[in-house]
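Colleague: Below: sequence and its predicted model.
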Amino acid sequence: MSSGDSGPSSSKQLVQQPAAAGRSPNQPPLLGAGGRKVIVLKSGDEEEFEVDLLDAMQSRTLRRAIEDGCGDGPMPLPNLTGPVLAKVVELFRRHRGDPRWADELQETEKEGMFKDYAPQKPTAEVKGFDREFVSVDRDALFDLLRAANFLEAPGLLDVTCDAAADAVMNMTVEEVREYFGLVNDYTPEEEAALRKQHEWAFQ
Amino acid sequence: IHKQALQVSSLGVLQTSAISPIGLRRPQSPPRCRHPPALPRCTPFAAPFPATPALYPPSAKVMATAGRRPRWEDLPRDLLVSIFAKLGVEDLIAGVPLACTAWRDATRDPRCWSHLDFQRWASIARRLRCRRDPSVDLIGLLDFAVGRARGDVYSIRFPDFADEIDLLFVAERCPALRYFYLENDDIAPEQFCRAISKLGSLEGMAVDEQLIGEEVLQHIRRSCISFSELEVFARFLDEDIAAVICEGLPRIRTLQLKDCHLSKNEIILFLDKLKDLECLDISGYNTPGITGEVLEKASRLKEFKWDSKFHGGEFDYCSGCDDDVHPVNPCECMFHRQVMEWLAKETVLDLAEFMDKGVQVKLTGGEDKVCRGFQTPLSSQKRPGAAT
């Protein structure tokens, strides 16, 4: 449970922290400016991001790590790049308090960990940000999807999957293949059989 | 796991803004550009976010994924399923599975088929090249989709020609159904009740007013313990039918009567009798029945959507008094005249100042001077919403 308590000692020195030694793992981690609880996320390319604890809790992966006491040092996320993580962190920040995004926060709240958690409906501004967030090219969307999957963040997953589904929708098979760069791994016979099968099913 | 997450989040939508029905998986937004040009490979997020405090300047290291092609076919299956679950049956049949084997395998996951939407039948039929009678094709398609879902269909939206036979067909195979949308106005109540009695988990439905009767509603109350959301398609609703709804389903939390002619009396009845009501949507029809009394009673709701009637800043008809309003001798509904004068200026209003009764209502003037109301309780309004 407290395996991550010590953290990687080398990176710990990099960050200015209040003394955190001797804390029990379930206590709120670092206090940032203004007494905010923050943790530090480190991308695969060594970029570091300070994230409000409340925001980080939108990801089940981060939440598990924090509850296991890994939130003291910079938390390494080797499979996320800096630009992706920057974008995700910003999205989490915008959705702070969104009950749809942090479905499990309320129960944690009872433990007194998140006194400042207040459910808030997303405003039109936040919805606009979401749309902007996924208005990216195909490869960037791919990275975001994988980040959402790794972080297990329901809201992020919803937004990115919506964008991917929107892209696929109403495309012909050839358009889908071209747009997503899919390699057709059907044999011509298989493909013909498949096309015939679905035509047969409804005619 | 991810599917579960999605479901949780979609239920969350229901709780926070229960106006959107459970079955409304994909709001009918105007279609975006379907075929965006394939962009050249570039740094995806060139613009840094100034609000994000990076502890150190970005390192010069190359991005981990740069230089190699993202392989969409290698996305984890759960992730593909989460994406495909948002697609319609026509894409799940005629589009995605033919692209490659990995995508085909993902579309065979039952979770892709748990929310079925046949509402836009014309485009589905065109895509799947249906050439037979629509009702025959629909049954064939229902059979196929329900089979793919292995019976775990949670919401279904029928096309306008679907009838009680289609509902019964689905009800017999999908006992876990939580929501259905059936707009046909010619449904046999007996068969409808037969279908309902098989749907013990039903939480919401959208049906024509023709089905709103004492027996049907009582049957729903007995059969579906967690029923909480009702949408009725009606052009006009009188006090008798309103009373039937209140008596038949007194515990509903969401009631939608869009584009329906309602007067003040029916609105008051709903607000008085439906004690658990959280969301009332009577938008669409420009009702003259929105008065101070209505707004005050509605202040307990989480959401109240309405359109009020006035033309050029004046009521021209008042159903509360059932008479044309005489400008010289106005009825009490002219209370709202002041509101309208504000609206005429197309400003966003804070009615709380006006009423001073703890009710906060935002009003915006529409293009043709239709008064749109959207109300949320004071408790959840931390900051004023942006003016539209």
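Modeller: That came through fine.
Colleague: Give me the neighbour count for the residue of the stretch 151-300 of chain B found nearest chain A.
Modeller: Nearest to chain A in the stretch 151-300 of chain B, going by C-beta to the nearest C-beta, is B:Cys279, at a distance of 12.9 Å. C-beta coordinates here come from the backbone N, C-alpha and C atoms, glycine included. Other residues near B:Cys279 come to 20 when the count uses other C-beta atoms under 10 Å in any protein chain shown.
Colleague: Tell me what it is bridged to.
Modeller: Applying DSSP bridges to B:Cys279 gives these bridge partners: B:Thr254, B:Glu303.
Colleague: What pLDDT does the model give it?
Modeller: We have a pLDDT of 89 for B:Cys279.
Colleague: what does B:Glu293 give?
Modeller: We have a pLDDT of 76 for B:Glu293.
Colleague: where does chain A dip in pLDDT?
Modeller: Counting by pLDDT under 70, the ranges of chain A that qualify are A:1-36, A:71, A:99-124, A:198-203.
Colleague: that older thread, and the gap between the residue of the stretch 151-300 of chain B closest to chain A and A:Val176?
Modeller: Distance of B:Cys279 to A:Val176, given as C-beta to C-beta, to the nearest Å: 38 Å.
Colleague: now do A:Thr81
Modeller: Counting by C-beta to C-beta, the separation of A:Thr81 from A:Val176 is 26 Å.
Colleague: Same check on B:Gly213?
Modeller: 47 Å.
Colleague: more neighbours, those two?
Modeller: Neighbour count, other C-beta under 10 Å: between B:Gly213 and A:Val176, A:Val176 has more, with 21 against 14.
Colleague: check which helix or strand covers that one.
Modeller: helix A:173-180 (DSSP states H and E).
Colleague: Who are the packing partners of that helix?
Modeller: With contacts defined as 3 or more C-beta pairs under 8 Å, 6 or more residues apart in numbering or on different chains; DSSP states H and E, helix A:173-180 has these neighbours: helix A:154-168.
Colleague: For the helix it packs on, list every residue counted as buried.
Modeller: By neighbour count on 16 or more other C-beta atoms under 10 Å in any protein chain shown, the buried set for helix A:154-168 is A:154-168.
Colleague: Poorly predicted segments of chain B, please.
Modeller: Within chain B, the segments meeting pLDDT under 70 span B:1-68, B:288, B:308-388.
Colleague: which residues in it form helices?
Modeller: For chain B, the helices defined by DSSP state H cover B:2-16, B:77-84, B:89-94, B:101-107, B:121-128, B:134-148, B:164-173, B:189-196, B:214-223, B:239-248, B:264-273, B:292-298, B:337-344, B:351-355.
Colleague: do the same with chain A
Modeller: Going by DSSP H, chain A shows helices at A:9-12, A:53-56, A:60-67, A:82-94, A:105-109, A:124-133, A:138-151, A:154-168, A:173-180, A:188-201.
Colleague: Can you report how many residues lie near B:Cys193?
Modeller: If you count neighbours by other C-beta under 10 Å, B:Cys193 ends up with 17.
Colleague: repeat for A:Pro188
Modeller: Residues near A:Pro188, counting by other C-beta under 10 Å, number 8.
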